[in-house]
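Enquirer: What follows is a predicted protein model with its sequence.
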Amino acid sequence: MISGQWDGKCGVNATKNNWDFFSLIDSTRSANKQIVFMGGQNSEFPERNLVPMDWAMQAAKLFFETGEFKKSLNWIHDRSGVSLAESEGNK
């Protein structure tokens, strides 16, 4: 799911099984909260969760075509905070 668009940035969240959700993050940005209008209301999101639109489109294209996450991008598990690379390494 790609949400919103603020100054060329958006929120990206994906799941393969409707249980484990991963967010695309920009590790060069801070965890400071930013208020954005999403889902019909103002919400606080860490700045690092708002990624360039180009990243979102790359991730969406690959996920649509293959059902896989784009591994060259940084994905973090929404509940545990573990990266996708770490979680797949533990399988």
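Expert: Cool, got the structure.
Enquirer: Near the closest residue to residue 16 other than its chain neighbours, how many residues? Count them for me, please.
Expert: Nearest residue to residue 16 in three dimensions, chain neighbours excluded: residue 67, at 6.6 Å (C-beta to C-beta, 6 or more residues apart in numbering). The C-beta positions use only the backbone N, C-alpha and C, and glycine is treated the same way. Using other C-beta atoms under 10 Å, residue 67 has 9 other residues around it.
Enquirer: how near is residue 67 to residue 17?
Expert: From residue 67 over to residue 17 the distance is 11 Å, taken as C-beta to C-beta, to the nearest Å.
Enquirer: ok, now residue 75?
Expert: 14 Å.
Enquirer: now residue 82
Expert: When C-beta to C-beta is applied, the distance between residue 82 and residue 17 equals 16 Å.
Enquirer: what about these two, which has more around it?
Expert: residue 82 (15 against 6).
Enquirer: Got the confidence number for that one?
Expert: According to the predicted model, the pLDDT of residue 82 comes to 84.
Enquirer: what does the one 5 residues further on give?
Expert: Per-residue pLDDT puts residue 87 at 78.
Enquirer: and after the helix or strand of the chain with the lowest mean pLDDT, which helix or strand comes next?
Expert: Among the secondary structure pieces of the chain, namely its helices and strands, strand 2-6 has the lowest mean (mean pLDDT, DSSP states H and E), a mean of 71. Next in sequence after strand 2-6, counting helices and strands by DSSP states H and E, comes strand 9-15.
Enquirer: Low-confidence bits of this structure, can you list those?
Expert: For the chain, residues meeting the criterion pLDDT under 70 lie at 4-5, 90-91.
Enquirer: Check it for its longest helix and report it.
Expert: Ranked by residue count, the top helix of the chain under DSSP state H comes out as helix 53-66.
Enquirer: Counting by contacts, list what that one packs against.
Expert: Applying 3 or more C-beta pairs under 8 Å, 6 or more residues apart in numbering; DSSP states H and E, one finds that helix 53-66 makes contact with strand 2-6, strand 9-15, strand 21-25.
Enquirer: Fine by me, thanks again.
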